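Student: any chance you could fold what I've pasted below:
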Amino acid sequence: MEGLSERQYAARVGFSRGAIQKAKATGRLVLYADGSIDAVASDALRAESTDPSKTRKTPQPKLKPVPEAAVSAVGETLREQGMAAPPVGSGTTFLQARTANEVLKAQERRHRLQKLKGELVDKARAEALMFRLAREERDGWVTWPGRVAALMASELTAAMGDSNMVEAAVMQKALETHVRAHLDSLAEIRTGLG
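Tutor: Okay, here's the model as predicted:
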C-alpha cells in the first residue's frame with residue numbers, strides 16, 4: 001500500500017470514515033494506483049476546493065475569567081499550609097489551584113468530623129447562648145439591690161448603733177445607682193467569636 005487507508009486518512013484530518021468515503025467517491029481526493037490515498041496531494045486538493053466560509057471551525061471553549069478573589073483565596077490557602085504561593089497579580093498554575101482545592105477539601109472534612117464529634121459548635125448558637133447568659137446575669141444584678149438593701153441597712157444600723165439608723169430605701173437607691181453604673185461599663189465590652 002503506497003498511501004494511507006481511509007481510516008488512517010480520516011484520523012489524520014479529523015473526519016469520519018464516511019466523510020472520507022464520500023470525498024473519495026466524488027473525486028475530491030488524490031488516489032494512488034492501488035486505491036490508497038495520497039495524503040499530501042489530497043490535503044492540497046481539499047484546501048483548493050474548500051470554501052473557507054463553509055468549513056466547521058473547532059468550537060473553542062468559552063472560558064470565563066477567574067475572579068481575583070478566587071485567585072487570592074488559592075494563594076492564602078497555600079500560604080497557610082506553608083507552600084509556595086503565586087505573587088499577587090501573577091497567574092496561578094493549575095497545579096497550585098488543584099493543591100489548594102485538595103487542602104480546602106481536607107480542611108472541610110476535618111471541620112465536619114470535629115463538628116460530628118462535638119469538638120466544634122455553631123457560632124450563631126454560641127453567640128445566642130452567650131447573649132442569654134449575659135442577660136440573665138445582668139437581670140440578676142439589677143434586682144439584687146432590692147433583695148439585699150433592707151438586710152444591709154439593718155446590719156449597718158446595728159454596727160453603727162441604733163442612733164445612726166440607715167434607711168432601707170436610701171440604701172437601695174445607692175446600691176442601684178452603683179450597680180447600674182457598673183453594668184453600663186460592662187455593656188461597653190464586646191465579645192466576638194471571630
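
Student: any buried residues in the helix-or-strand element of the chain with minimal mean pLDDT, and which?
Tutor: The weakest-scoring helix or strand in the chain, judged by mean pLDDT, DSSP states H and E, is helix 68-80 (a mean of 75). By neighbour count on 16 or more other Cβ atoms under 10 Å, the buried set for helix 68-80 is 71, 74, 75, 77, 78. (C-beta placed from N, C-alpha, C; glycine too.)

Student: which elements pack onto the helix or strand that that helix is followed by?
Tutor: Once helix 68-80 ends, the next helix or strand along the chain (criterion: DSSP states H and E) is helix 94-117. Helices and strands touching helix 94-117, by 3 or more Cβ pairs under 8 Å, 6 or more residues apart in numbering; DSSP states H and E, are helix 68-80.

Student: okay, now the unreliable bits of the protein?
Tutor: Low-confidence segments of the chain, defined by pLDDT under 70, span residues 54-61, 63-67, 86-92, 190-194.

Student: tell me the domain ranges of it?
Tutor: 6-54, 68-117, 123-187 (automatic domain parsing).

Student: possible to save those domains as a markdown table with distance to residue 62?
Tutor: Below are the domains of the chain laid out as a markdown table (distance: least, Cβ to Cβ, whole Å):
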| stretch | distance to residue 62 |
| --- | --- |
| domain 6-54 | 21 |
| domain 68-117 | 18 |
| domain 123-187 | 39 |
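
Student: dump the residue contacts of the closest residue to residue 160 other than its chain neighbours.
Tutor: The shortest distance from residue 160 to any non-neighbouring residue, by Cβ to Cβ, 6 or more residues apart in numbering, is to residue 166 (7.4 Å). Residues in contact with residue 166 (Cβ atoms under 8 Å, 6 or more residues apart in numbering) are 152, 153, 156, 157, 160.

Student: and the closest residue to residue 36 other than its chain neighbours, how far from residue 15?
Tutor: Leaving aside its sequence neighbours, residue 36 sits nearest to residue 3 (Cβ to Cβ, 6+ apart; 3.5 Å). From residue 3 across to residue 15, the span is 16 Å (Cβ to Cβ, to the nearest Å).

Student: neighbours of residue 176, how many?
Tutor: 16 (other Cβ atoms under 10 Å).

Student: er, residue 22 actually
Tutor: 13.

Student: now do residue 116
Tutor: Residue 116: 9 surrounding residues under other Cβ under 10 Å.

Student: now the longest helix that the chain contains: buried residues?
Tutor: Longest helix in the chain by number of residues (criterion: DSSP state H): helix 123-160. Applying a neighbour-count criterion of 16+ other Cβ under 10 Å, the buried positions in helix 123-160 are 145, 149, 152, 153, 157.

Student: which one of the residues you listed is nearest residue 137?
Tutor: Set against residue 137, the nearest of the buried residues of helix 123-160 by Cβ to Cβ is residue 145 (15.0 Å).
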